[in-house]
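[1] turn this into a structure:
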Amino acid sequence: MEALWDPASGLSDADRAHFSNLWDSRCALNVPGPFYTGETDTCWTGRLVAPDNVLYGGEYFTEYIFRQPRGADEVQGVMEAARLDPFAGYACDGNDHWTPPSVRAWWESRSWVIDSVTESLRVLESEERAASRDAAEGARQFLAYIGTGLEDDLRAYAVLLGGVDDDW
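    This next block holds a predicted model:
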């Protein structure tokens with residue numbers, strides 16, 4: 001298994017200034033990886049600039065990372081989402097905290113993530129705002145990603161972090 005490209009590897013010190021260390025308060029819905037959120041605002045600006053990476057959910061529909069950036073353009077989008085968040089609720093130090101066993105544990109407990117995203121989707125689909133429709137589409141994308149692709153990405157991330165068992 002080949003390791004993933006590390007999307008945080010190209011960040012400069014100036015780029016990193018837009019991010020905080022929020023590991024102890026991170027949203028558990030964040031997909032394992034270098035980028036994650038803690039407590040963000042509820043203004044729903046993240047999907048405006050990073051629609052392939054940011055979603056809204058949890059009790060207060062705050063922002064979280066549902067897919068780690070897959071290219072420099074997506075890294076720029078997540079950086080812009082971090083810059084726009086008045087709570088400084090974005091972080092990029094996940095590689096310092098995740099381990100192959102913790103990534104696997106997150107994956108193995110994904111049923112609660114699916115339940116949470118499904119509930120968010122139900123709420124979003126009941127609303128008529130354009131932003132809710134967009135967020136509902138993001139929730140559908142996340143559910144599809146969990147079913148097709150996320151496990152492979154998490155395996156590759158575990159390799160990047162320092163190894164993974166053959167039986168994952």
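[2] tell me which helix or strand of the chain sits lowest on mean pLDDT?
    helix 13-16 (a mean of 92; mean pLDDT, DSSP states H and E).
[3] could I get the CA-only coordinates of that helix as CSV?
    C-alpha atoms of helix 13-16 as CSV (Å, rounded to 0.1, in the frame of the first residue of the first chain):
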residue,chain,number,x,y,z
ASP,A,13,4.7,29.2,8.5
ALA,A,14,2.4,32.0,7.2
ASP,A,15,-0.2,29.4,6.1
ARG,A,16,0.0,27.7,9.4
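[4] need the residues that contact that helix.
    Helix 13-16 is contacted from outside by 79, 92, using Cβ atoms under 8 Å, 6 or more residues apart in numbering. For glycine as for every other residue, the C-beta is placed from the backbone atoms N, C-alpha and C.
[5] how about it: buried residues?
    The neighbour-count check on helix 13-16 (16 or more other Cβ atoms under 10 Å) flags residue 15 as buried.
[6] packing partners for the helix or strand following that helix?
    Following helix 13-16 in sequence order, the next helix or strand is strand 36-37 (DSSP states H and E). Contacts defined by 3 or more Cβ pairs under 8 Å, 6 or more residues apart in numbering; DSSP states H and E place strand 36-37 against strand 62-65, strand 90-91.
[7] from residue 87, how far out is residue 132?
    21 Å (Cβ to Cβ, to the nearest Å).
[8] hmm, I typed the wrong one, I wanted residue 110.
    27 Å.
[9] again, but for residue 23
    16 Å.
[10] so who does the spatially most central residue of the chain touch?
    Residue closest to the average C-alpha location in the chain (Cα atoms, centre = their mean): residue 65, at 1.7 Å. Residue 65 is in contact with 30, 31, 33, 35, 36, 37, 53, 54, 55, 78, counting by Cβ under 8 Å, 6+ apart.
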